[in-house]
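3D model of this:
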Amino acid sequence: MSMDFELARHNMIEQQIRTWDVLDPEVLALLRRIKREEYVLPVYQALAFADLELPLTGGKKMWQPKFEARVVQELAVKPGERVLEVGTGSGYLTALLAARALQVVSVEIDPELSAAAQKRLAQHSVNNASLVVGDAARGWKAGEPYDVIVFTASTPALPETALQDLRPGGRLFAVVGEAPVMTAQLIRRLADGGLRTQALFETCIEPLVNAVAPERFVF
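Modelled structure (predicted):
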């Protein structure tokens, strides 16, 4: 018996996404339109809508659906904006961001992950996402400044270089801290150049390869 993906998608939105305060009708419409099951590894397709982190190649993991939806809502990407995604992963979040942005530059350190995501995005005619193999843990100067920056893995400390790449009015999402205590943060660059940080929720996700280490006190 084949799986009813549309029913599973509906249940995911109603039971997971809405209960995590994701109520923006545009975001909910995106989740219905962009097929999450087509971005997971085939072996996990039946779990595409489960409240789980799903494995990817290279030991990486795909965010939970509610996490992805909440981040897209908080970033509130607008037409005409340029986005930097640090860590392409499956390409699903890339597709969600690209649906709202002028352009997404997505940098992935794992060539195999990047190639697989590129193939998926091409299959779905996502033409405004540029996938690059590289290390953006400390920012990515090519194409900066950006209106939106999103880190898809955690970092013990926010890299100052990434903050410098953020345009006035821009937003940066990152999960900051070390296991077991991490905080999802939204940082806004104010018109006067200052920064405003908003703590969204506590979580614990995989660390970014080559993440910036926090300063340690030496006694």
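
which residues in this protein form strands?
Counting by DSSP state E, the chain has strands at residues 54-55, 61-62, 82-86, 103-108, 129-133, 146-151, 166-178, 181-189, 195-203.

Just send these back as a markdown table, with mean pLDDT too.
Rendered in a markdown table, the data for these read as follows (pLDDT from 0 to 100):
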| stretch | mean pLDDT |
| --- | --- |
| strand 54-55 | 96 |
| strand 61-62 | 96 |
| strand 82-86 | 97 |
| strand 103-108 | 98 |
| strand 129-133 | 98 |
| strand 146-151 | 97 |
| strand 166-178 | 96 |
| strand 181-189 | 96 |
| strand 195-203 | 96 |
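
what about the ones you listed, which gets the closest to Pro214?
Of all these, it is strand 166-178 that lies closest to Pro214, at 7.7 Å by Cβ to Cβ. Every residue, glycine included, has its C-beta placed from N, CA and C.

can you pull the buried residues of the closest one?
166, 170-177 (16 or more other Cβ atoms under 10 Å).

State the pair within the residues you listed that is farthest apart.
Greatest spatial distance among those (Cβ to Cβ): Gly170 and Gly177, at 22.2 Å.

Out of the buried residues of strand 166-178, the closest to Arg36 would be?
Checking these one by one against Arg36 (Cβ to Cβ), the nearest turns out to be Phe173, at 19.2 Å.

and Glu178, what does it touch?
Counting by Cβ atoms under 8 Å, 6 or more residues apart in numbering, Glu178 makes contact with 154, 156, 207, 214.

Run through the helices of the chain in chain order.
5-12, 25-33, 65-75, 92-98, 111-123, 160-164 (DSSP state H).
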